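Engineer: Give me a 3D structure for the following:
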Amino acid sequence: MAEPVAPPAVAPRSKYARLPDPVAPEDMVATQDPGPLPYQRGEFDTDVEWMLRTVGLG
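Structural biologist: Take a look at the predicted model:
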């Protein structure tokens, strides 16, 4: 006859079982300077314009 199987042990509560309190939007501030904006080409994308002229769509 087979031996009786013990019930599975109860898993410990996860540290994520309870979420932290929400942060108010007025308390959210940047902790670092975001830095300069990335390079922007201008009003149109020259690569796309070249591609369209080359394949005859423009």
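
Engineer: Let me see the ranges of the helices in this protein.
Structural biologist: With DSSP state H, the ranges of helices along the chain come out as 46-54.

Engineer: Show me the shaky parts of it.
Structural biologist: In the predicted model, the chain carries pLDDT under 70 at residues 1, 8, 10-12, 40-44, 57-58.

Engineer: The same query, at a cut-off of 80, please.
Structural biologist: By pLDDT under 80, the low-scoring segments of the chain are 1-2, 4-16, 30-31, 34, 37-48, 56-58.

Engineer: Strands along that one, start to end?
Structural biologist: Remark: no strands are assigned in the chain by DSSP state E.

Engineer: do you know how far residue 23 is from residue 30?
Structural biologist: 14 Å (Cβ to Cβ, to the nearest Å). (C-beta placed from N, C-alpha, C; glycine too.)

Engineer: ditto for residue 19
Structural biologist: Distance of residue 19 to residue 30, computed by Cβ to Cβ: 23 Å.

Engineer: swap in residue 4?
Structural biologist: Per Cβ to Cβ, residue 4 is found 60 Å from residue 30.

Engineer: same thing with residue 14?
Structural biologist: Noted for residue 14: a distance of 31 Å to residue 30, by Cβ to Cβ.

Engineer: Also residue 37?
Structural biologist: Applying Cβ to Cβ, the value for residue 37 to residue 30 is 15 Å.

Engineer: Check residue 6 too.
Structural biologist: 54 Å.

Engineer: Dump stretch 51-58 to PDB, restricted to CA.
Structural biologist: Extracted in PDB, the C-alpha atoms of stretch 51-58 (Å, rounded to 0.1, in the frame of the first residue of the first chain):
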ATOM      1  CA  MET A  51      13.500  57.200 -50.700                       C
ATOM      2  CA  LEU A  52      10.200  58.500 -52.100                       C
ATOM      3  CA  ARG A  53      11.900  60.400 -54.900                       C
ATOM      4  CA  THR A  54      14.100  57.500 -55.700                       C
ATOM      5  CA  VAL A  55      11.300  54.900 -56.100                       C
ATOM      6  CA  GLY A  56       9.200  57.400 -58.100                       C
ATOM      7  CA  LEU A  57       6.400  58.000 -55.600                       C
ATOM      8  CA  GLY A  58       7.000  61.700 -55.100                       C
END
